[in-house]
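**Q** Next comes the sequence, and after it the predicted model I'd like to discuss.
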Amino acid sequence: MSSARPPLADPRHDAARRRLAAVPWPAAVLAALERLRTGGHQAWLVGGTVRDALLGRESDDTLDVATDLLPAAVMERFERVEPTGLAHGTVLVLLDALRLECTTFRREGAYRDARHPDHVEFTREPLEDLARRDFTVNALAFDPLSGVLLDPHGGLEDLERRRLRAVGDPVARFREDALRPLRAARFAATLELEPDPATRAALGRVADRARLVAVERVREELMKLLRARAPSTGIELLREAGLLELWMPELQRCFGVPQNRYHAHDVYLHALATCDAAPAGKDAVRWAALLHDLGKPDTRVERRGEGTFYDHQFVGAELAGVLLERLRFPGELRARIVHLVREHMFDYRPRWGDAALRRWLRRVGEDAVADLFDLRIADVLGTGLESAFPAGLEQMRARIMRLVAEEHALSVRDLVLDGHDVMRVLGTGPGPRVRAALEALLEEVLDDPSRNTRERLLARLEAWRSEAERAADA
Ligand code: ATP
Ligand code: MG
């Protein structure tokens, strides 16, 4: 355990205290803290709430609060509560637009399963509670009512020096809860902190325990990591620690796979650079960027001293699906990412007519178009070469967006007639012929959207019927 500092009246804390005091904490939060404190109890803002306020980062709408009140007592003091993690002493208090994650001061017992302490012991001592927290920058407590700030592990100085340091002995702390190395990678990337040497070295000492961590927690950390400005720093930490191998072996296998003259990086570093270049707010694009070339190691064929990777997008889509399934991604998000990986190789020639563009648009789907362009642009930026940006891509994007805006028919559902019309005119019942006829009509409409009128389409059906009748008579 690092040496505890006097919690109060450290002059170096003045600036931080002023900064925290100047935050416009919502009145509802201050009122809730007052209510927790009634009867001589304690309530502090802690964790990410204090850290992010000091960094001037926007936090989400869940504030971290620590108190000496037991969970049952917390629940009694508020009308709207959810006992989200009672066993660990956590109660979610619902205020109007905000939520407080209220955790009773804890000191922890031994860990057997590398994720949950065997027992949780509550304490009335805030410093004991701060000592069980993962990183010094997360082990700060602030009371906005009195302006008192607790920093027993040097978190303020670490924040100032942009250093990520475990509280206490990093090896022991990581081995007792193997989610912490992942949180370290996440914080290093999202907060742009540099792990201190001992913390960094300890990251590689938990791979044998990491399997015990619940995969949902792993996924949540990775999702947060991929929202960083540059996720690559965190992913590199995971690779160095042997943890990438564990959770994303398909990506690990790209490491050191050489490419060709179109790339400055190997496949792995290109994936990281593409991920960094993709828009941070779009989860599906970020993940697709990270995974888009997973098929390259399996499809690599050397021609004249250079790598070729024919059809890697199809192999990659399969592998991305496997990886995302392992991490138990929600089905819809997984499907979107896999689709982007499969379609990421689209090509464009300016001489393509609108019909060709409409066919492409139909295949990839209107919903995926904007994401695909984001991915493609990130892919180009991720080559690490200064090569001229493909002008055609912008032209294609502009043309596609115009086609989308024109709302032309792109699927049989957009045709102005339906299966009933087809059955009536062709005189057939339901079956594959109906679908085939609709598809054929759509092909004609894709060539020329002005053909999508009832009159024209019915006339085409009539013509097909007479043709079929003549063929039958012959
Ligand atoms: P964010 O909310 O932005 O994801 P956070 O640091 O607030 O980041 P939470 O999961 O909300 O993360 O946890 C709140 C606080 O609880 C942390 O700041 C840290 O002090 C403590 N904490 C969370 N998870 C752990 C853990 N696995 N080991 C030790 N302390 C933890
Ligand atoms: Mg938090």
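**A** Ah, there it is. Ligands and ions are numbered 1, 2, ... in the order given.

**Q** For ligand 2, what is the nearest residue in the chain?
**A** At 3.4 Å from ligand 2, Gly48 is the closest residue in the chain, using CB to the ion. (C-beta placed from N, C-alpha, C; glycine too.)

**Q** who are the neighbours in contact with that residue?
**A** For Gly48, the contacting residues are Ser59, Asp64, Asn138, by CB atoms under 8 Å, 6 or more residues apart in numbering.

**Q** try Pro449
**A** Arg358, Glu406, His408, Ala409.

**Q** in the stretch 301-450 of the chain, which ranges drop under the pLDDT threshold?
**A** Residue ranges of the stretch 301-450 of the chain with pLDDT under 70: 387-389.

**Q** in the stretch 351-474 of the chain, which spans are helices?
**A** 354-364, 366-381, 391-406, 419-426, 432-447, 454-473 (DSSP state H, counting those that start in this stretch).

**Q** Out of these, which is closest to Ala184?
**A** Smallest distance to Ala184 across those (CB to CB): 25.8 Å, for helix 366-381.

**Q** and the closest residue to Leu324 other than its chain neighbours, how far is that from ligand 1?
**A** Of all residues not flanking Leu324 in the chain, Arg334 sits nearest, at 4.3 Å (CB to CB, 6 or more residues apart in numbering). For Arg334, the distance to ligand 1 equals 22 Å [CB to the nearest ligand atom, to the nearest Å].

**Q** Now Arg334: phi and psi?
**A** Taking degrees, to the nearest 10, you get phi -60, psi -50 for the backbone angles of Arg334.

**Q** and it, how many neighbours does it have?
**A** Other residues within reach of Arg334, judged by other CB atoms under 10 Å, total 19.

**Q** cool, and Ala409?
**A** 18.

**Q** And it, how far from ligand 1?
**A** 45 Å.

**Q** Would you list the phi and psi of that residue?
**A** phi -60, psi 130.

**Q** thought it was touching Val445?
**A** Yes: with contact defined as CB atoms under 8 Å, Ala409 and Val445 form a contacting pair (5.0 Å).

**Q** that older thread, quick one: which of the contacts of Pro449 is most hemmed in?
**A** Arg358 (23 neighbours).

**Q** ok, it to Leu372 distance?
**A** 15 Å (CB to CB, to the nearest Å).

**Q** Then Ala320?
**A** Taken as CB to CB, the span from Ala320 to Leu372 is 15 Å.

**Q** These two: which has the busier surroundings?
**A** Between Ala320 and Leu372, Ala320 has the larger neighbour count (other CB under 10 Å), namely 29 against 21.

**Q** What distance do you get for the residue of the chain found nearest ligand 1 to Glu101?
**A** Using CB to the nearest ligand atom, the single residue of the chain nearest to ligand 1 is Gly48, 2.3 Å away. As judged by CB to CB, Gly48 and Glu101 stand 10 Å apart.

**Q** Then Val380?
**A** In this view, Val380 and Glu101 are 41 Å apart by CB to CB.

**Q** Next, the buried residues of stretch 57-74.
**A** By 16 or more other CB atoms under 10 Å, the buried positions in stretch 57-74 come out as Leu63, Asp64, Val65, Ala66, Thr67, Asp68, Leu69, Pro71, Val74.

**Q** ditto for stretch 19-37
**A** Under 16+ other CB under 10 Å, the buried positions of stretch 19-37 are Leu20, Trp25, Val29, Ala32, Leu33, Leu36, Arg37.

**Q** Hmm, the fifth one is touching Ala141, no?
**A** Pointing back at Leu33 there. No: between Leu33 and Ala141 there is no contact under CB under 8 Å: 11.8 Å.

**Q** between the two, what contacts are shared?
**A** Leu45.

**Q** tell me which parts of the stretch 201-350 of the chain are close to ligand 1?
**A** Lys224 (CB under 6 Å from any ligand atom).

**Q** And the helices in the stretch 201-350 of the chain?
**A** Under DSSP H, counting those that start in this stretch, the stretch 201-350 of the chain gives helices at 207-210, 215-225, 232-240, 244-247, 249-252, 267-277, 283-291, 296-299, 312-326, 331-343.

**Q** got a list of what Leu33 touches?
**A** Ala43, Leu45, Val65, Asp143, Pro144, Leu145.

**Q** number of nearby residues for the first one?
**A** So the one you mean is Ala43. Ala43: 24 surrounding residues under other CB under 10 Å.

**Q** The closest residue to it other than its chain neighbours and Thr49: what is the separation?
**A** Spatial nearest neighbour of Ala43, chain neighbours left out: Leu36 (3.7 Å); criterion: CB to CB, 6+ apart. Distance, Leu36 to Thr49, using CB to CB: 14 Å.

**Q** same check, this time on Arg133
**A** Per CB to CB, Arg133 is found 13 Å from Thr49.

**Q** Neighbour count: the two, which is higher?
**A** More neighbours surround Thr49 than the other of Arg133 and Thr49, with 26 against 23 (other CB under 10 Å).

**Q** I'd guessed the more buried one sits against Leu63; true?
**A** Yes: at 4.6 Å, Thr49 counts as touching Leu63 under the criterion of CB under 8 Å.

**Q** Residues that sit against both of those two, list them.
**A** Counting by CB under 8 Å, 6+ apart, no residue touches both Thr49 and Leu63.

**Q** Mind jotting down where the helices sit in the stretch 51-200 of the chain?
**A** Assigned by DSSP H, counting those that start in this stretch, the stretch 51-200 of the chain shows helices spanning 71-77, 126-131, 155-160, 170-176, 180-190, 197-203.

**Q** which of these is buried the deepest?
**A** Neighbour counts (mean count of other CB atoms under 10 Å) averaged over each of those peak at helix 180-190, with a mean of 26.

**Q** just to revisit the earlier point, tell me the contacts of the residue nearest to Ala43?
**A** Applying CB under 8 Å, 6+ apart, we find Leu36 in contact with Gln42, Ala43, Val65, Thr67, Leu69, Val74, Arg77, Cys102.

**Q** Roughly how far does the second one sit from Leu33?
**A** Spelled out, that is Ala43. 5 Å.
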